[in-house]
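S.K.: just the structure for this:
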Amino acid sequence: MMALDGSMVIGADIVRGAAGTVRAIDPATGAQLEPAFGLAAAQDVDRACTLAEEAFDSYRATTLEQRALFLETIAQNILDLGPALIERAMQETGLPQARLEGERGRTVGQLRLFAKVVRDGHFLSATIDSALPDRVPPRPDLRLRKIAVGPVAVFGASNFPLAFSVGGGDTASALAAGCPVVVKAHNAHLGTSELVGRAIAAAVATCALPQGVFSMVIGEGRSVGQQLVGHPAITAVGFTGSRQGGLALVRVANGRDEPIPVYAEMSSVNPVFMLPQALAHDNGALAQGFVDSLTLGAGQFCTNPGLVIAIGGSDADRFFTAAATALQAKPGATMLTPGIHEAYTGGVAKLAGIEGVERLAEGQPGSSGCAARAALYACDAATYLRTPALEDEVFGPASLLVRCRDEAEMVALARRLEGQLTATVHALAGDNALAAALLPVLERKAGRILFNGYPTGVEVAHAMVHGGPFPATSDTRSTSVGASAIDRFLRPVCYQNLPAVLLPADLQDANPLGLARLKDGVLITA
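M.R.: As a prediction, the model looks like this:
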């Protein structure tokens, strides 16, 4: 098992930054953890980006099988870290063992999913329009495929130390596309990041790939992040975090001589619509399910249900009462960092101070200094509609229950919502007319629409969308989870009348890769 020494990964070198030090913190105790990690200087960031640029053409020219094996090697190396990875992540995040073991499985599953995506080759969108020399005017031979955009900067997320971090979905999808990656590790879980970063670097060496395919730097978020996004070698950015942080990176990216896309997953309150028939037939399971989802992981999920909307009446009152009772029994849970805990307590205090908002219930206090006490608030739809501050995300186990007068006001409230990662509807057959009225509105508002479930839990699958209109993401066309996440790091290229000897393998007439391709408007399977 490799020992932590506070290092970064710059290409093939394990480097200790010399621009100061920082330590991870155990949020349950407030204790600083060993070792101290060296911070990157500007030259470290420049070297990582330069190596990535130098590696790009060689890496994107690897065969699909080579790239798939690389992703699978990373997955195995992460598994081979064994219990030490989970133990360190528990120290740095306060998350329980079972949660982190599940997250490790998700991380490995993402890498293996993208290995399959690469082998399938569908992501290349290979397309051929044959020449029509006898047509007037003649049509040239046209062939299209997608290629990697170039080196990608990835920012590790605070709330998922594995699945949205150094070896997480952004890194996996970028590497699958053929893009070298430079990761900015999150300072909340530095030891976890070093372990995974070394595992990826070892996979680069095992697979005999150019050293610049992967680097990981450590540093103060603002300065190192701006250097990374502003570096001319970087062509795209993957980010999961706050709206403030994501928009700061967007501004840097747009201010470059050559602007680049930033795929930032940011804020979302993930509204849940409780329709009348579902509430009328509920035996308490809806309220318990909602509270369980709300408090899962101390509410630190980007899909946390922070807003519940129902039509007022005895059934809604019964649901609100049951939810309050269930929440009061929930123990306080340790949040990921002191900063996140401070932001949560500030957000809850802000909610409590808004006129027209009542506090329905609080959960149990926790024993640690970073423990989040769950909170439930309520207001009517008129208050919500006239108070823009109620739309703000409170990151943690707090939710707002909104009473509407009637179906029309519920639909009006749905139209008012900002962009969301998810929108959930609980409905029975008798609610179909209202559900049908809501659905086209929610399609415009959210990247994923759920019926009769809860939004926490994002399946890693081909059909998953984890994105949505602004401010859920900075680019409404993208997803950061699922097979389609690879599309963020690809661009189409058309080849017109290219000599056969120069055609890439995926567009050659003989189809040596055995790809499914669109030829003259007809899908030809391998």
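S.K.: and I311, how far from D317?
M.R.: In this structure, I311 and D317 are separated by 11 Å, where distance is defined by CB to CB, to the nearest Å. Quick note: C-beta positions are derived from backbone N, CA and C, even for glycine.
S.K.: more neighbours, those two?
M.R.: When neighbours are counted by other CB atoms under 10 Å, I311 and D317 differ, and I311 comes out ahead with 20 against 13.
S.K.: which residues touch the nearest residue to K519 once chain neighbours are set aside?
M.R.: Counting by CB to CB, 6 or more residues apart in numbering, I128 is the residue found nearest to K519 once chain neighbours are left out, at 4.6 Å. Taking CB atoms under 8 Å, 6 or more residues apart in numbering as the criterion, I128 is in contact with L142, R143, L144, L507, R517, L518, K519, D520.
S.K.: of those residues, just the buried ones, PyMOL syntax please.
M.R.: Isolation of the buried members of the contacts of I128 (16 or more other CB atoms under 10 Å) is achieved in PyMOL through the command below:
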select buried, resi 143+144+507+517
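S.K.: the residue nearest to K519 is in what secondary structure piece?
M.R.: According to DSSP states H and E, I128 maps onto strand 127-129.
S.K.: equivalent analysis for L51, please.
M.R.: The secondary structure element spanning L51 is helix 42-60 (assigned by DSSP H and E).
S.K.: buried set for that helix?
M.R.: In helix 42-60, counting by 16+ other CB under 10 Å, buried: 44-45, 47-56, 59-60.
S.K.: same check on stretch 104-122?
M.R.: Within stretch 104-122, the residues that qualify as buried by neighbour count (16+ other CB under 10 Å) are 104, 106-115, 117-118, 120-121.
S.K.: what mean pLDDT does that stretch get?
M.R.: This predicted structure assigns stretch 104-122 an average pLDDT of 97.
S.K.: now the strands: where do they sit in the stretch 1-150 of the chain?
M.R.: Counting by DSSP state E, counting those that start in this stretch, the stretch 1-150 of the chain forms strands over residues 8-10, 13-15, 21-22, 37-38, 127-129, 142-148, given from the N-terminal end onward.
S.K.: could you dump stretch 233-242 to PDB, C-alpha only?
M.R.: Coordinates of the C-alpha atoms in stretch 233-242 are reproduced here as PDB (Å, rounded to 0.1, in the frame of the first residue of the first chain):
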ATOM      1  CA  ALA A 233      -3.500  24.300 -23.400                       C
ATOM      2  CA  ILE A 234      -6.800  23.600 -21.700                       C
ATOM      3  CA  THR A 235      -9.800  23.200 -24.000                       C
ATOM      4  CA  ALA A 236     -12.700  22.400 -21.700                       C
ATOM      5  CA  VAL A 237     -13.500  22.300 -18.000                       C
ATOM      6  CA  GLY A 238     -15.500  19.900 -15.800                       C
ATOM      7  CA  PHE A 239     -16.700  21.300 -12.400                       C
ATOM      8  CA  THR A 240     -19.100  20.300  -9.700                       C
ATOM      9  CA  GLY A 241     -19.700  22.800  -6.900                       C
ATOM     10  CA  SER A 242     -21.300  26.100  -5.900                       C
END
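S.K.: contacts only, for A463.
M.R.: Counting by CB under 8 Å, 6+ apart, A463 has contacts G482.
S.K.: model confidence score at it, please.
M.R.: Taken from the predicted model, the pLDDT recorded for A463 is 95.
S.K.: so it lies in a strand, does it not?
M.R.: No - residue state for A463 (DSSP: H, G, I helix; E, B strand; the rest coil) corresponds to coil; a strand is not indicated.
S.K.: next up, phi/psi of it, please.
M.R.: When quoted as degrees, to the nearest 10, the phi and psi of A463 stand at phi -90, psi 0.
S.K.: against R488, how distant is it?
M.R.: Using CB to CB, A463 is found at 17 Å from R488.
S.K.: and A437, by the same measure?
M.R.: When distances are taken as CB to CB, A437 and R488 turn out to be 33 Å apart.
S.K.: so where's the longest helix in this structure?
M.R.: For the chain, the helix with the greatest residue count under DSSP state H is helix 97-120.
S.K.: residues contacting the closest residue to R99 other than its chain neighbours?
M.R.: Computed as CB to CB, 6+ apart, the closest residue to R99 that is not its neighbour in sequence is G297, at 6.5 Å. For G297, the set of contacting residues under the criterion of CB under 8 Å, 6+ apart consists of L95, R99, N159, A333, T456.
S.K.: pretty sure G297 sits in a strand.
M.R.: No - using three-state DSSP, the secondary structure at G297 is helix, not a strand.
S.K.: how far away from the center of its chain is the helix or strand that L400 is a member of?
M.R.: Assigned by DSSP H and E, L400 belongs to strand 398-404. The chain centre lies 26 Å from the centre of strand 398-404; the measure is CA atoms, centre = their mean, to the nearest Å.
S.K.: next SSE after that strand?
M.R.: Where DSSP H and E defines the elements, the next helix or strand beyond strand 398-404 is helix 407-416.
S.K.: which helix or strand contains the residue lying closest to V166 once chain neighbours are set aside?
M.R.: Ranked by CB to CB, 6+ apart and with sequence neighbours excluded, the top spatial neighbour of V166 is V196, at 4.3 Å. Here V196 is covered by helix 190-206, with elements defined by DSSP H and E.
S.K.: give me the buried positions along the helix or strand bottoming out on mean pLDDT in the chain.
M.R.: Least confident helix or strand of the chain, by mean pLDDT, DSSP states H and E, is helix 221-230 with a mean of 91. Buried residues in helix 221-230, counted by 16+ other CB under 10 Å: V224, G225, Q226, Q227, L228, V229, G230.
S.K.: tell me the bridge partners for P271.
M.R.: The residues paired with P271 through beta bridges, assigned by DSSP bridges, are L307.
S.K.: wait, it touches T303, no?
M.R.: No - using CB atoms under 8 Å, P271 is not in contact with T303; the gap is 11.3 Å.
S.K.: who's more crowded, those two?
M.R.: Each of P271 and T303 had its neighbours counted (other CB under 10 Å), and the higher figure belongs to P271 (25 against 21).
S.K.: from E72, how far off is the nearest residue in space to A176 that is not next to it in sequence?
M.R.: Counting by CB to CB, 6+ apart, the nearest residue to A176 once its immediate chain neighbours are dropped is F114, at 3.9 Å. If you measure F114 against E72 using CB to CB, the figure is 10 Å.
S.K.: repeat for E393
M.R.: Taking CB to CB, one finds E393 at 36 Å from E72.
S.K.: pLDDT on the helix or strand following the helix holding V196, on average?
M.R.: Using DSSP H and E, the helix or strand that follows helix 190-206 towards the C-terminus is strand 214-217. Taken as a whole, strand 214-217 has an average pLDDT of 98.
S.K.: how about the CA coordinates for strand 214-217, as CSV?
M.R.: Taking C-alpha atoms only, strand 214-217 is exported to CSV below (Å, rounded to 0.1, in the frame of the first residue of the first chain):
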residue,chain,number,x,y,z
PHE,A,214,-2.9,12.6,-16.4
SER,A,215,-1.8,15.1,-13.7
MET,A,216,-3.2,16.2,-10.4
VAL,A,217,-2.4,19.5,-8.7
